[in-house]
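Asker: fold the following.
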Amino acid sequence: RRREIGVRKVVGSTKTQLTIQLLVESFVINMLSLLLAFLIYRLSIPLIESVFNIAWPSGPDTFLSGKFLLFIGLVMSLGIILSALYPAFILSSLKPAAVLNGKGQVMGGYVGFNLRKSLIVLQFVVCTVFCIGTFVLYRQLRFMKEHDLGMDVDQVLVVKGYGFQPVQVYENFRNLASRESVVHSVGFSSAAPGEEIIALSLKPKVSLAGRSSEPKEVKMIAVDENYLRTLKIRFISGRGFDRSVLTDSKSVIINEAAARLLGFNEPRDALNESLVGLDKDPLPVIGVIRNYHQRSLKVGYEPIVFLPAWTNDFGWNKRFLFVRLNPAFTVDERRHQITQVETIWKKVSPDKPFQYFFLDSHFDRQYKADSTFTSLFIFFSVSAILIACLGVFGLVAYTMLKRTKEIGVRKVLGASVQSIMILISGDFARLIIIASLIAVPLILLVLRDWLDQYAFRIDIHYGLFLIPLAFIFVLAMTTVLCKSLKVASSNPVDSLRHE
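Answerer: Numbering: from 1, shown residues only. Predicted coordinates for the structure are as follows:
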């Protein structure tokens, strides 16, 4: 291109004409790139929506909006300026005699090469940030899905009840379902795990009877005697509700978080204490259960007080029947189990539709946004890695072209293929190391801020960085070695003749 500019200047082209020519060429290339990108985008929308299960914006309102057109205009302008304006001024400033003699240097060889190195470093900074971020996102998502919830949500079918429906309906359902072989146990609750505990915006506050302490806000759930057992929620001390014990109708069960909120360092010490604030009479604590996750791991353990449903079932309460299916049945027989449960529901409540969901899927639904975000992040990370590798491949090709004579002389003087490849790869290894040193502090700040939104999170340790960094390093070095091997293995006579 330098010789072309030199010839044009010899035949009379001015600096302004050359600059305009290069800018127009850059505009055409950028416009073609924009059209190609738009075509690829439109063709990939169905794939993105099916893979990530999201509705991707693609209507006319999106592409014809003022913000979108302004964004495209800024991107185009920036692309033209970065890809053409600076080179245009440099190339049009070259002296024709020096260029035609082969002595013209763009920006000076050292400065030009350092600019290319800087761009490669920038690409790998972005690539490293995406790669480490993706790895940490994946580890946090897996941690949330594998974390002990404090209960067993597998093979639990949840039947949704209806407000102001007589409690006898649910008791009849439980009694009939418990006799079926497809059912292991049945429990009732006014709140389902995976949902916020809501009681018409009521914020009950409790305190210990006989003690001068400030009332503490807690969550209330009405349950029957089988609920905790059905979900396999463990007790620290005490026992569950028992209808045969008359005093249990005026008693409560609390979790560890509620016990600590009330001032007990050891939650088991709250057993046999009494709470005031929920009823006109103090309610004794007959049991303390281990903490379990009522909601996602973004939320800490909530202080919960459990009341007996048969004396605290109000019409505004949500109602859920938890049916633990018999594990002896296979997955293929699951449809039969659901049909049996539906038949029982239609017997006790023929006027209400049968609505159900599986508790494990319902709970995991809270992580749908995190899962989608992680998948998209992986997609863009792969794109960033591919672009970075293309940049490295291009710089390696350019370096090989510029150092063809040097490599030929080194081989004539006895240098081996291995030593030449080490020499070439060492330069790029330094660039990757520099990019890593820049990227790690940046992504560390972002990850700490992002993980702070989770009450339960993974710990940030060196392993979270070493694995992605090693992956990027190996991938980049493989790209470098594959390209440099051909030049390093070539006949030095051909290299010197080429020069």
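Asker: give me the most central residue, this structure.
Answerer: Taking CA atoms, centre = their mean, the centroid of the chain lies closest to Thr374, which sits 2.9 Å from it.
Asker: just give the nearest non-adjacent residue to that residue, would you?
Answerer: Once flanking residues are discounted, Thr374 sits nearest to Leu137: 4.5 Å by CB to CB, 6 or more residues apart in numbering. Heads up, the C-betas are built off the backbone N, CA and C, glycines and all.
Asker: got a pLDDT number for the one you found?
Answerer: Per-residue confidence at Leu137 stands at 87 (pLDDT).
Asker: Leu74 too?
Answerer: Predicted confidence (pLDDT) for Leu74: 86.
Asker: can we start the residue count at 63 from this point?
Answerer: All right, first residue 63 from here; so that's Leu136.
Asker: by contact count, what packs against the helix or strand containing it?
Answerer: Leu136 belongs to helix 128-142 when assigned by DSSP states H and E. Helix 128-142 sits against helix 77-114, with contacts defined as 3 or more CB pairs under 8 Å, 6 or more residues apart in numbering; DSSP states H and E.
Asker: picking that back up, what comes up buried for the helix or strand containing the residue nearest to Thr436?
Answerer: Per DSSP H and E: Leu199 is located in helix 171-208. Residues of helix 171-208 classed as buried by neighbour count (16 or more other CB atoms under 10 Å): 179, 182-183, 185-199, 201-203, 206.
Asker: got it, and stretch 367-376?
Answerer: Applying a neighbour-count criterion of 16+ other CB under 10 Å, one finds 367-372, 374-375 buried in stretch 367-376.
Asker: narrow the residues you listed to those in helices?
Answerer: 371-372, 374 (DSSP state H).
Asker: ok, the closest residue to Ser243 other than its chain neighbours - contacts?
Answerer: Spatial nearest neighbour of Ser243, chain neighbours left out: Asn388 (6.4 Å); criterion: CB to CB, 6+ apart. Neighbouring residues of Asn388 by CB atoms under 8 Å, 6 or more residues apart in numbering: 243-246, 399.
Asker: could you flag which of these are buried?
Answerer: By neighbour count, with 16+ other CB under 10 Å, these hold 244-246, 399 as buried.
Asker: pull the most distant pair out of the residues you listed.
Answerer: His246 and Gln399 (10.3 Å; CB to CB).
Asker: any residues in contact with both of those two?
Answerer: 387-388.
Asker: quick one on the thing from earlier: which pair of the buried residues of stretch 367-376 spans the longest distance?
Answerer: The widest separation within these (CB to CB) is 16.3 Å, between Val367 and Trp372.
Asker: residues near Asn353, how many?
Answerer: A count of nearby residues for Asn353, using other CB atoms under 10 Å, gives 22.
Asker: just to check, it is in contact with Arg322?
Answerer: No: in this structure Asn353 lies outside contact range of Arg322 using CB atoms under 8 Å: 9.4 Å.
Asker: pLDDT below threshold where in the stretch 263-412 of the chain?
Answerer: Residue ranges of the stretch 263-412 of the chain with pLDDT under 70: 263-264, 376-378.
Asker: quick one: the helices in it?
Answerer: 289-292, 318-323, 371-374, 396-410 (DSSP state H, counting those that start in this stretch).
Asker: which residues sit in contact with Gly302?
Answerer: Counting by CB under 8 Å, 6+ apart, Gly302 makes contact with 287, 290-291, 315, 349.
Asker: ok, now with 10 Å
Answerer: Contacts for Gly302 (CB atoms under 10 Å, 6 or more residues apart in numbering) come out as 285-291, 295, 310, 315, 348-349, 351, 368.
Asker: which two among these are spaced furthest apart?
Answerer: Ile295 and Asp310 (17.3 Å).
Asker: just to be sure, Val248 is in a helix?
Answerer: No: assigned with DSSP: H, G, I helix; E, B strand; the rest coil, Val248 falls outside any helix and is strand.
Asker: report the contact partners of Met282.
Answerer: Under the criterion of CB under 10 Å, 6+ apart, the neighbours of Met282 are 252-253, 259, 261, 264-266, 268, 314, 340, 366-369, 374, 379.
Asker: pull out the buried residues from these.
Answerer: 252-253, 259, 261, 266, 268, 314, 340, 366-369, 374, 379.
Asker: what helices or strands is the helix or strand where Leu528 lies leaning on?
Answerer: Following DSSP H and E, one finds Leu528 within helix 525-550. The contact analysis (3 or more CB pairs under 10 Å, 6 or more residues apart in numbering; DSSP states H and E) places helix 525-550 against helix 171-208, helix 430-464, helix 466-474, helix 479-513.
Asker: Pro228: which of the ones you listed is closest?
Answerer: Closest to Pro228 of the helices and strands packed on helix 525-550, according to CB to CB: helix 430-464, at 35.3 Å.
Asker: OK, contacts around Phe326?
Answerer: Contacts for Phe326 (CB under 10 Å, 6+ apart) come out as 270, 316, 318, 320, 332-333, 335, 350.
Asker: give me phi/psi at Val280?
Answerer: Val280 adopts backbone torsions of phi -130, psi 170, taken as degrees, to the nearest 10.
Asker: what's the separation between it and Leu199?
Answerer: When CB to CB, to the nearest Å is the yardstick, Val280 and Leu199 sit 34 Å from each other.
Asker: can you pull the pLDDT of Gly166?
Answerer: On pLDDT, Gly166 comes in at 50.
Asker: please look at Arg396 and Val244 and confirm they touch.
Answerer: Yes: taking CB atoms under 10 Å as the definition, Arg396 is a contact partner of Val244 at 9.4 Å.
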